[in-house]
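> What follows is a predicted structure for the sequence shown.
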Amino acid sequence: MSLFAGIKKFFKGLDQQHRHKAIEDLEWEMHELQHIFGLLTLGYMVGLPSAPLPVAWELLPDMPREFAIMLARLDTAQNPLSEQFSRLDVS
Amino acid sequence: MSAVLPHVRFFMGKGGVGKSTLSALTALYHADRGHTVLLASFDPAHNLGDIFQQKLGERPVPIVERLSAVEVDPEKWSREYLQEAERQFRAAYAYLTTFSLEQHFKVIRHAPGVEAYALMRAFDDLYRKSNVDFLLLDMPPTALSLSFLALPRLSLLWLEQLHALRTEIQQKQKMISRLRLGRREMERDRVMENINRQTERWRERDAVFSNNAQTRYLLIENPEALSALENGRIESRLKELGFSGIDRVVNKTGNGKSGFPLVAGLYGINKMRAYIDHHKSVFDALIR
Ligand SMILES: Nc1ncnc2c1ncn2[C@@H]1O[C@H](COP(=O)(O)OP(=O)(O)O)[C@@H](O)[C@H]1O
Ligand SMILES: [Mg+2]
């Protein structure tokens, strides 16, 4: 009985650990994709080739988070792309 | 009665080959045969006014029965577009500092592509409002004309990629919220809705540009090598874009050669009508 419960507990813990790991991986992947999406649309702000301007500008009001990030880069950063690229593993 | 969809004719080619002259002649030819026509100059170096010997401007001016002409000012459309974009940014991002926004506007004021898109908005306006059988466009220099014509395809290409990427993001989001909260339904994605909305609009423009029963590209050249070379380049670019309604037209030909013959002083309604009558077979063969 206690052995059975112990095994059950063991597997449950394993499952949760897996689940946790899976979520973390997924979130990381999703953030990377969101970064790429931001660069492909608003990259013109930091001098990257990106979607045609009229397309990007019309998207802009619906992308407040990405726009704020790019503006922050324009405002302060010496090397605006370094952080973006380090996340993307591009050098 | 006006057709539901206007026939669209783009007059293109090297400077001086006769885009303005032939677009004016074509306009007169169609109007005198009972069609309603709007002739619009997209070339900032307007000379339709000189050809019709009449002052033209931003509002269509009647030239003869069924024919009006308008001179579109690309600069003005660019200015208005930038102002509108700025207004929208300020409204959407009122919480940001003025400084940040100013930085952004500094970048965009000189961004490439603004002029081509400004022309697109002018085109939309004419296309929707004019309610004519024929919409004739005397086009600006080749580089600007081609970036204008490439915009729908280029934008659709990008929107397709963005759509695919956004779909992938949505799928990840869905998996995350299912694992985390056991939820299945998704929040509404405004970016995706935006992409779909834009795709719809660019598809409509692309449909007009690529329908060879509705839209034709008249590439004007002279019996001379350079203008023909330029038209060769325009033609292959248009084909790349998937536009097939292309007609190469030779203007200022000598005696006996096919095309529009050279005749001195070809301007003013009377002279132009006489020219059309005299060369009726050329018009019937080359103009549709
Ligand atoms: N078939 C023709 N015969 C004689 N002169 C012409 C003919 N076509 C155009 N021209 C003249 O050539 C010049 C350039 O023509 P224009 O229509 O202004 O060219 P574009 O608009 O392509 O720059 C003008 O002086 C015009 O009167
Ligand atoms: Mg001209």
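Happy to help now that I have it. Numbers count the residues shown, from 1 in each chain, chains lettered A, B, ... in the order given. Ligands and ions are numbered 1, 2, ... in the order given.
> If we go by neighbour counts, what in the lowest-mean-pLDDT helix or strand in chain B is buried?
For chain B, counting by mean pLDDT, DSSP states H and E, helix B:98-109 ranks last in confidence among helices and strands (a mean of 74). For helix B:98-109, burial by neighbour count (16 or more other C-beta atoms under 10 Å in any protein chain shown) applies to B:100, B:101, B:104, B:108. C-beta here means a position set from N, CA and C on the backbone, and glycine is covered the same way.
> Say whether chain A is contacted by it.
Yes. Counting by C-beta under 8 Å from any C-beta of the partner chain, chain A has neighbours in helix B:98-109: B:99, B:100, B:101, B:103, B:104, B:107, B:108.
> what about the helices in the stretch 101-250 of chain B?
Assigned by DSSP state H, counting those that start in this stretch, the stretch 101-250 of chain B shows helices spanning B:114-129, B:142-181, B:190-210, B:225-240.
> nope, chain A is what I meant
A:2-42, A:53-59, A:64-75, A:82-88 (DSSP state H).
> Reformat the buried residues of helix B:98-109 as a markdown table; add distance to ligand 2.
Output for the buried residues of helix B:98-109, formatted as a markdown table (distance: C-beta to the ion, whole Å):
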| residue | distance to ligand 2 |
| --- | --- |
| B:100 | 43 |
| B:101 | 39 |
| B:104 | 36 |
| B:108 | 30 |
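> Spit out the contact partners of residue B:62.
Neighbour list for residue B:62: residue B:68 [criterion: C-beta atoms under 8 Å, 6 or more residues apart in numbering or on different chains].
> you'd agree it is in a strand?
Yes. The assignment for residue B:62 by DSSP: H, G, I helix; E, B strand; the rest coil puts it in a strand.
> ok, which residues in chain A are in contact with chain B?
Chain A comes close to chain B at residues A:19, A:22-23, A:26-27, A:29-30, A:33-34, A:36-37, A:40-41, A:44-45, A:51-55, A:57-64, A:67-68, A:71-72, A:74-75, as judged by C-beta under 8 Å from any C-beta.
> what sits up against the least confident helix or strand of chain B?
A:44-45, A:53, A:57, A:71-72, A:74-75, B:82, B:85-86, B:89-90, B:93, B:114.
> Same question for stretch A:25-34.
Under C-beta under 8 Å, 6+ apart, the answer for stretch A:25-34 is A:66, A:87, A:88, B:165, B:168, B:169, B:172, B:173, B:175, B:176, B:179.
> give me that answer again for 6 Å
Where contact means C-beta atoms under 6 Å, 6 or more residues apart in numbering or on different chains, the residues beyond stretch A:25-34 that reach it are B:168, B:169, B:172, B:175, B:176.
> So, low pLDDT: which residues of chain A?
Residue ranges of chain A with pLDDT under 70: A:1, A:74-91.
> Pick the most buried one from the helices of the stretch 101-250 of chain B.
helix B:114-129 (a mean of 19; mean count of other C-beta atoms under 10 Å in any protein chain shown).
> which other helices and strands contact that one?
In terms of contacts (3 or more C-beta pairs under 6 Å, 6 or more residues apart in numbering or on different chains; DSSP states H and E), helix B:114-129 is packed against helix B:74-92, helix B:142-181.
> The last one close to ligand 2?
So that's helix B:142-181. No. Using C-beta under 5 Å from the ion, helix B:142-181 never reaches ligand 2; the gap is at least 12.0 Å.
> So is that helix next to ligand 1?
No. Helix B:142-181 stays clear of ligand 1 (C-beta under 6 Å from any ligand atom), getting no nearer than 10.8 Å.
> okay, the angle between that helix and helix B:190-210?
For helix B:142-181 against helix B:190-210, the angle by axes from the mean of the first three to the mean of the last three C-alpha atoms, to 10 degrees is 150 degrees.
> the inter-axis angle of helix B:142-181 versus helix A:2-42?
Orientation check (the same axes, to 10 degrees): helix B:142-181 against helix A:2-42 gives 160 degrees.
> And the first one, by the same measure?
For helix B:74-92 against helix A:2-42, the angle between stretch directions is 150 degrees (the same axes, to 10 degrees).
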